[in-house]
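Asker: Structure of the sequence below:
(chains A and B)
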Amino acid sequence: MDLETIKSELEASIPGARLEVIANPSPSAQHSLLVDAGHGLAVAQYLRDIARFDYCSNVTGIDWPPKELSEKIKVKKLIDGVEKDVDEVRKTTIPGYLEVVYHLFSQEKKLGPLPLRMRTADRVAGIHLPSLTPIWRSAEFQEREIFDLFGVHFDGHPDLRRILMWDDFVDHPMRRDYVDPDDYEYEPTAHDQVLQRANQHLNEVGGK
Amino acid sequence: MKRTKQLRIKDLRVDEQLKAELGKQGIFATTLQDLYNWGRKSSVWPLNFGLACCAIEMIATTMARYDLARFGAEVFRPSPRQADLMIVAGTVTKKMAPQVVRLYNQMPEPKYVISMGACAISGGPFKQGYNVLKGIDRYIPVDVYIPGCPPRPEALIDAFMMLQKKIDAQQLTGISRPRHLNAGEASEFTVPKFGAHDLEPTQNPAVWKVPLVQISNAPLSKAPDSKAGTDGSGND
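Answerer: I've put the predicted structure just below:
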């Protein structure tokens, strides 16, 4: 299975689809195909019906929080009338986004896995992605799980509800910035971070 | 038997020697309390209820090899209305906890609870997770705890025998009488509600209080220092 061939086939048959092959540098070399959210459904339809990827084994989510990059660059500056090279730190912030990965196989052609990725616009308002449940029915519960734990809204999902946590729960526990309930008041075998949090509770009780 | 001004329940106990003597003559002597306790301990019917892998061990305990029927507890009831014992066998998730407490409330008195396995005791390997209750004893009173992950059937049988001993030792009157004979004590416990971030309340203070334990190598006076804080952020 050659991802580049699949990519060029897709680009030829779905005009406007922005596709990108994301290389995996590890020995597994499991490269993946990134597709823009607008053409996700059409690409999935093509992959199932024409490329015969008839089996979606797994759907999972990834949270990419905003990342701050700082790089040192040399800038020429006039200091006391003399031009000198001065190191300057330039900071750039890459905005965060949520990503959904579908693992596709072809039972018919004995191909796979083909990881298909889709990314949301951001982590706050633009968290909508097309649901691929109409294409692969097996994605239904796993998209619900991603909706529950990451907070990605799948448009076109037949039954988008929380699946693991209760309906009134407001957080998304698998997001990197999730703050878990502070119930570390009793930790008989505490260590590391748990020990610190348990100690905070002990100090509160000791202070009273 | 000694004569006292006030007749106490412990004075009504049958003297063991006298009991043996009478037995030789073909007379069986006992007290109502002994009879009552014997009846209760010999037919404890557990609730047919399992939450995770510990339930598989509980099922194994009831089968022919370990044979819980020897202790009069083979009748697993599918309804809480007919059960005496709740074996909390497995991980209690926060989503399941209200249902567990509600099932316990629906059981008639006298009722007992065995907390089976690390998860039911404290949350076990999922203790620091966001979705697992840190011990069912935060909401309902537990009689016997079984450590293990999962505990072997022998451990469950041991816990069961411990419960039988506990039932056998109960006094029907006096301050140490069991809850179901004390009208002042509650038989139903608060069912937690689903909150926005956690269960509300996170524990029932009438049942569970924070055990004030000194955590090893952590002096109580030591404030959370800044060095520890940087360690924590480094893990991210």
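
Asker: Beta-bridge partners for the nearest residue to A:Ile146 once chain neighbours are set aside, please?
Answerer: The shortest distance from A:Ile146 to any non-neighbouring residue, by C-beta to C-beta, 6 or more residues apart in numbering or on different chains, is to A:Gly61 (4.1 Å). C-beta: built from backbone N, CA, C; applies to glycine. Beta bridges link A:Gly61 to A:Val100 when assigned by DSSP bridges.

Asker: ok, now which ones touch residue 22?
Answerer: I went with chain A, as the question did not name one. A:31-34, A:117 (C-beta atoms under 8 Å, 6 or more residues apart in numbering or on different chains).

Asker: actually it's chain B I care about, not the one you picked
Answerer: B:28-29.

Asker: Kindly confirm my reading that it is in a strand.
Answerer: No: counting by DSSP: H, G, I helix; E, B strand; the rest coil, B:Leu22 is located in no strand; its state is helix.

Asker: coming back round to it: next one: the residue nearest to A:Ile146 relative to A:Leu129, how far apart?
Answerer: 10 Å (C-beta to C-beta, to the nearest Å).

Asker: Can you show me the helices along chain A?
Answerer: Secondary structure of chain A (DSSP state H): helices located at A:3-13, A:40-49, A:139-149, A:192-207.

Asker: Out of those, which gets the lowest mean score?
Answerer: Lowest mean pLDDT within the helices of chain A: helix A:192-207, a mean of 75.

Asker: Against which helices or strands is it packed?
Answerer: Packed against helix A:192-207 by the contact rule (3 or more C-beta pairs under 8 Å, 6 or more residues apart in numbering or on different chains; DSSP states H and E) you find helix B:226-234.

Asker: And stretch A:23-42, how far out from the chain middle?
Answerer: Centre-to-centre, stretch A:23-42 and its host chain are 12 Å apart (C-alpha atoms, centre = their mean, to the nearest Å).

Asker: pLDDT at the residue lying farthest from the centre of chain A, what is it?
Answerer: No residue in chain A sits farther from the centre than A:Gly81, which is 50.6 Å out by C-alpha atoms, centre = their mean. Turning to A:Gly81, the model gives it a pLDDT of 77.

Asker: my guess is A:Met118 meets A:His39, correct?
Answerer: No: A:Met118 is beyond contact range of A:His39, at 9.6 Å (criterion: C-beta atoms under 8 Å).

Asker: Show me which of these two is the more surrounded one.
Answerer: Counted by other C-beta atoms under 10 Å in any protein chain shown, A:Met118 and A:His39 do not tie: A:Met118 has more neighbours, with 24 against 19.

Asker: Flag every residue of chain A that's near chain B.
Answerer: By C-beta under 8 Å from any C-beta of the partner chain, the residues of chain A that approach chain B are A:164-171, A:173, A:176, A:178, A:180-181, A:183, A:185-188, A:190, A:192-196, A:198-203, A:205-206.

Asker: so where's chain B uncertain?
Answerer: B:1-13, B:212-236 (pLDDT under 70).

Asker: hang on, the earlier thing: select, out of the helices of chain A, the one closest to A:Lys72.
Answerer: Of all the helices of chain A, it is helix A:192-207 that lies closest to A:Lys72, at 32.2 Å by C-beta to C-beta.

Asker: chain center to that closest one, what's the gap?
Answerer: On C-alpha atoms, centre = their mean, the centre of helix A:192-207 falls 34 Å from that of its chain.

Asker: now do stretch A:151-160
Answerer: Distance, centroid of stretch A:151-160 to centroid of chain: 16 Å (C-alpha atoms, centre = their mean).

Asker: Quick one: residues in contact with it.
Answerer: A:41, A:61, A:98, A:100, A:120, A:127-131, A:133-134, A:140, A:143-144, A:146-147, A:172, A:175.

Asker: Can you flag the buried ones in these?
Answerer: Buried by 16 or more other C-beta atoms under 10 Å in any protein chain shown: A:41, A:61, A:98, A:100, A:120, A:127, A:129-131, A:133, A:140, A:143-144, A:146-147, A:172, A:175, out of the contacts of stretch A:151-160.

Asker: Counting residues, what is the longest helix that chain B contains?
Answerer: Assigned via DSSP H, chain B shows its longest helix as helix B:153-168.
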